[in-house]
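**Q** A predicted structure for the sequence below; I have some questions about it.
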Amino acid sequence: MNIKIFKESPFKTLISFHKLIESLEETAASDVDYKANYAQSILDEIETIPEFKTGIEQFSTIEKNKEIIQNLLAELFPKALTHNEIKAVTIPFQNLTFNFTERFKTILRDAGDSFDMTIRDFSDDEFYIMSCILILNSYYKQNFDISRPLFYDIPDSDGIHKHYRILYNVDFIEIMPTNKAISLTQEDINLLMDNYGTIAIWKEKFPKDSWILKGFGIVTLFNATIESAVSHLKSSLLKSEQKQNELDTNIQDIFRSIFKIPDLRVGLMIYNQEESTFTRPPFNDDTVESFILSDNKKIDCEDSVFGCSLKNILDSKKPFSISNVSNFGTTPGNREFALHLLSQNIQSCILAPVVKGNRLLGIMELVSSEIGNLNSLNANNLDLILPYIVDTLERYNNDLENQLEAIIQREYTAIHSSVYWKFKKEVQKYFQNISFNKEYVFKEIVFKEVYPLYGQIDIKSSSFHRNQTVKEDLRLQLHSLLAIFDTLKGTKNLPILEQRKFEMKAFVTELEGELKTDTEQQIQNYIKKDIHPIITKAIVATGSQEEIKKYFSHIDPKSGLYYESRKKFDEAMSIINKKMASIIDKAQLEAQNIFPHYFERFKTDGVEHNLYIGAAIAPDQQFDKIYLSNLRLWQLQTLCKMELEHHRYKSVLPYELEVTSLILVFSSPISIRFRMDEKRFDVDGTYNARYEVVKKRIDKANIKDTEERITQQEKITIVYSHKEEEREYLKYIKFLQFKNILEPTIEQFDVEELQGVSGLKGIRIKVVNTISKNPDKQYTYDELLEELD
């Protein structure tokens, strides 16, 4: 008989008891009378059924001889254990089973007539390959491990799935080749060993029906519901990207299997220790709900709605069970929490803290719509589950921390992508050493022989404008206070009011001169200490109250300062910085295509940038100075674009500010080193420090023998040292003049000597203002803010 449960098999299957019969024949010939007599009686009973030994051709033979088969297998299926063991005769990996124990029969009866007993996650291809491995191990004496756990998922009478681990005994099976079988060489076996997933190779070496499987196997099941369910739970909780319904249903089924409660629902909330709040779990689109949070995204741990329940869990860190929510609500302090649960049709529940090393990670919520389904007794089932939930939540916390670190690294302290490879290489060395318990000292990250490019677009006279706005705000504040004091004089005739007015007028006079370093602080301290107490505590008329209210509306709640002119200045400064930074950041992404190079920019009173290019930055690419020339032209074009963009929006700024642009040319290669203490790159060595000195002092320098600054609004200044650099940049300027980006006039001059630096020269050129000729290209203030958002 060839029984085909799967579509294809390398086996022609013959159910036979020949090995067992041979064993009985040996026993019958033994000297132990009672055993010999028993064995002989069995042999006599089956003597008229030769198919038991030669191989059963029709499955009806098994059905017709059930009782005889049961007697034949009596020693393998003891009657005393039939209500305990889950066992039957089978052919390995196939769903052909008979001679069930009574417990097995009960399990299948509860599952229902429509239940199809198939192995979990076991495909036709896997069946074919597993059958081939049986041949390799049995006939070719190989030792391939096929101990992968196999399971049957069988529902009980309540529809709750239980998970049974499958164990096979193949002692009574014999495997033989037919004339269709292919004789395998060691080379063939090696090929199969390296191609488990390639079904075509297996079918080539083991053609369909080319081997005979003769005999029978014994399948034994044991209930692995909790272990299997917990394993599924771990997998499910990690699948945060799955669809909500799929994951939610999976988790519900798993817990229902463990607790044997058909209507069990599962919730989870995460504890945020820093904020002392509970929040929703991280899974996609509220996949796992929380019955305590309900419609809230988070709640405070001290929320009065939950009475002392959450506090008890936080303090004891032990599961809290309510077997009857209605009765629980009759206890003082529990009513609101009970109503909250009952509104979700929760009649019993268990709230279990998830704790790792005395640290609370979250709370698992198990709820049921039936009174008594959940209680302090079955809460003990959580002892098996919670360790896995702890691992999952701890992994989530660690992953979250890593993601936070990654985002902080990317957004706030990012290592530029061009040099990331070298940091990664150093960290890999660290891990290689610690794996052998060796101490490892991080080497400094140095890039030698790189060419620097520095540029800036600076807000002109920013310190002057800042001081002017400070003085203007102080004047406005003092005049407002003087006006208030005039109204107070009419209601209260206090000599101290005249004294304070005299002092404030003195401050107004002082502000007519130059603002001193401590003037602002002195005036602010005076107002807070001597003026505010008078106007806040005085009993005044309605008109005065309105004036006082209006005055305090101008006080910034964060700084406590009068914030009008400074607010406009700060907003204008912020807009310029954001706009300029966005332009160079976007342009920089394209510039990396020229040749990989290090780039960093800083927002101060304007935007500065550093670029370093050279073979050390990208050792896997061939560096040529043509890339340096390309980058210099790109830098000049980008500053032109930034200047032109400033023309577009400067008229709509809340406080009009002008900008100046500067490029520093330095043709000698330098070394840069990553400063571990400052977490940034800096030039390395005494000679290279000259470059940093020039950078810090050049923008405030004057043209030699004049009082004129080298930088001017609407113009780009290029500072250099050598004639070759001058010739190079004049070529770039000529090209940009041809493109109508720069005006025809070129200014050239010597730069005054700076401390420790001399011999610098400069070129200054104006950017063509095409915006003034096309007013429609100018921003409105709303358009500007919208673009920045």
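**A** Cool, the structure landed.
**Q** Name the spans of the stretch 451-600 of the chain whose pLDDT lies under the cut-off.
**A** 489-494, 538-543 (pLDDT under 70).
**Q** so S661 is in which element?
**A** Secondary-structure assignment from DSSP states H and E places S661 in strand 659-665.
**Q** Distance from that strand to the middle of the chain?
**A** 41 Å (CA atoms, centre = their mean, to the nearest Å).
**Q** One more: stretch 314-322?
**A** Per CA atoms, centre = their mean, the centroid offset for stretch 314-322 relative to its chain is 31 Å.
**Q** Check stretch 178-189 too.
**A** Worked out by CA atoms, centre = their mean, stretch 178-189 lies 51 Å from the chain centre.
**Q** Send me that stretch as CSV with only the CA atoms.
**A** C-alpha atoms of stretch 178-189 as CSV (Å, rounded to 0.1, in the frame of the first residue of the first chain):
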residue,chain,number,x,y,z
THR,A,178,13.8,0.3,-5.0
ASN,A,179,15.3,-0.2,-8.5
LYS,A,180,14.4,3.5,-9.0
ALA,A,181,16.7,4.6,-6.2
ILE,A,182,19.9,6.5,-7.1
SER,A,183,23.1,5.3,-5.4
LEU,A,184,24.7,8.3,-3.7
THR,A,185,28.4,9.1,-3.5
GLN,A,186,30.0,11.1,-0.7
GLU,A,187,30.2,14.0,-3.2
ASP,A,188,26.4,13.8,-3.6
ILE,A,189,25.9,13.7,0.2
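**Q** The closest residue to Q588 other than its chain neighbours in helix, strand or coil?
**A** Once flanking residues are discounted, Q588 sits nearest to F599: 5.2 Å by CB to CB, 6 or more residues apart in numbering. Quick note: C-beta positions are derived from backbone N, CA and C, even for glycine. State at F599, reduced to three classes by DSSP: H, G, I helix; E, B strand; the rest coil: strand.
**Q** quick one: F599 and H609 touch, right?
**A** Yes: counting by CB atoms under 8 Å, F599 touches H609, with 6.9 Å between them.
**Q** Residues touching the strand holding S661, excluding its own?
**A** 453-460, 576, 580, 606, 632, 635-636, 639, 642-643, 646, 694-695, 698-699, 709-713, 715-721, 725, 729 (CB atoms under 8 Å, 6 or more residues apart in numbering).
**Q** Filter the residues you listed down to just the buried residues.
**A** 453-460, 576, 580, 606, 632, 635-636, 639, 642-643, 646, 694-695, 698-699, 710-712, 715-721, 725, 729 (16 or more other CB atoms under 10 Å).
**Q** Now, the contacts of strand 659-665 that are in helices?
**A** Among the contacts of strand 659-665, the ones falling in helices (DSSP state H) are 576, 580, 632, 635-636, 639, 642-643, 646, 694-695, 725, 729.
**Q** circling back: pairing partners for the following helix or strand past the strand holding S661, with directions?
**A** Following strand 659-665 in sequence order, the next helix or strand is strand 670-675 (DSSP H and E). Strand 670-675 has these partner strands in its sheet, going by DSSP bridges: strand 446-459 (antiparallel), strand 680-684 (antiparallel).
**Q** Would you check how far apart the residue nearest to Q588 and I535 are?
**A** 53 Å (CB to CB, to the nearest Å).
**Q** can you check H479 too?
**A** Counting by CB to CB - H479 and I535 are separated by 14 Å.
**Q** These two: which is more packed in?
**A** The neighbour comparison of H479 against I535 (other CB atoms under 10 Å) goes to I535, with 20 against 13.
**Q** so where does that one fall, helix or strand?
**A** Applying DSSP H and E, one finds I535 within helix 532-537.
**Q** chain center to that helix: distance?
**A** The answer for helix 532-537 is 52 Å, by CA atoms, centre = their mean.
**Q** Any idea how many residues pack against K579?
**A** 19.
**Q** give me the beta-bridge partners of C349?
**A** I322, V367.
**Q** all helices of the stretch 101-250 of the chain, in order?
**A** With helices called from DSSP state H, counting those that start in this stretch, the stretch 101-250 of the chain shows them at 102-111, 124-138, 186-193, 199-205, 225-238, 244-259.
**Q** just the strands in the stretch 351-500 of the chain please.
**A** 359-368, 446-459 (DSSP state E, counting those that start in this stretch).
**Q** Turn those strands into TSV, columns for distance to L24.
**A** Below are those laid out as TSV (distance: least, CB to CB, whole Å):
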stretch	distance to L24
strand 359-368	54
strand 446-459	83
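**Q** Tell me which of the ones you listed sits most buried.
**A** strand 359-368 (a mean of 22; mean count of other CB atoms under 10 Å).
**Q** Run the angle between it and strand 348-356 for me.
**A** 160 degrees (axes from the mean of the first three to the mean of the last three CA atoms, to 10 degrees).
**Q** And strand 359-368, how far out from the chain middle?
**A** 23 Å.
**Q** Which neighbouring elements make contact with it?
**A** Packing contacts for strand 359-368, counted by 3 or more CB pairs under 8 Å, 6 or more residues apart in numbering; DSSP states H and E, involve strand 265-272, strand 348-356, helix 382-411.
**Q** go with 6 Å
**A** strand 265-272, strand 348-356 (3 or more CB pairs under 6 Å, 6 or more residues apart in numbering; DSSP states H and E).
**Q** Can you list the neighbours in contact with it?
**A** 261, 263-265, 267-271, 291, 346, 348-354, 374, 393 (CB atoms under 6 Å, 6 or more residues apart in numbering).
**Q** same deal with stretch 596-610?
**A** So stretch 596-610 is contacted by 416, 418-419, 454-459, 462, 577, 580-581, 588, 611-613, 617-618 (CB under 6 Å, 6+ apart).
**Q** for stretch 627-639, same thing?
**A** Contacts of stretch 627-639 (CB under 6 Å, 6+ apart): Y451, L453, G455, I584, A587, A591, I594, F595, I613, S661, I716, Y732.
**Q** May I have it exported as CSV, CA atoms only?
**A** Output in CSV follows, covering the C-alpha atoms of stretch 627-639 (Å, rounded to 0.1, in the frame of the first residue of the first chain):
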residue,chain,number,x,y,z
TYR,A,627,38.7,68.1,-6.5
LEU,A,628,40.0,70.9,-4.3
SER,A,629,39.5,73.4,-7.1
ASN,A,630,36.0,72.2,-7.7
LEU,A,631,35.2,72.5,-4.0
ARG,A,632,36.6,76.1,-3.8
LEU,A,633,34.4,77.1,-6.8
TRP,A,634,31.4,75.4,-5.2
GLN,A,635,32.1,77.3,-1.9
LEU,A,636,32.2,80.7,-3.7
GLN,A,637,29.0,80.0,-5.7
THR,A,638,27.2,78.9,-2.5
LEU,A,639,28.1,82.1,-0.7
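**Q** re earlier: now, among the ones in helices among the contacts of strand 659-665, which is nearest to I703?
**A** Proximity of the ones in helices among the contacts of strand 659-665 to I703 (CB to CB) peaks at V694, which lies at 16.0 Å.
**Q** How about the closest one, nearest residue that isn't a chain neighbour?
**A** V757 (5.5 Å).
**Q** From T711, how far out is that neighbour?
**A** 17 Å.
**Q** ok, for T536, nearest residue in space, not its chain neighbours?
**A** I548 (7.7 Å).
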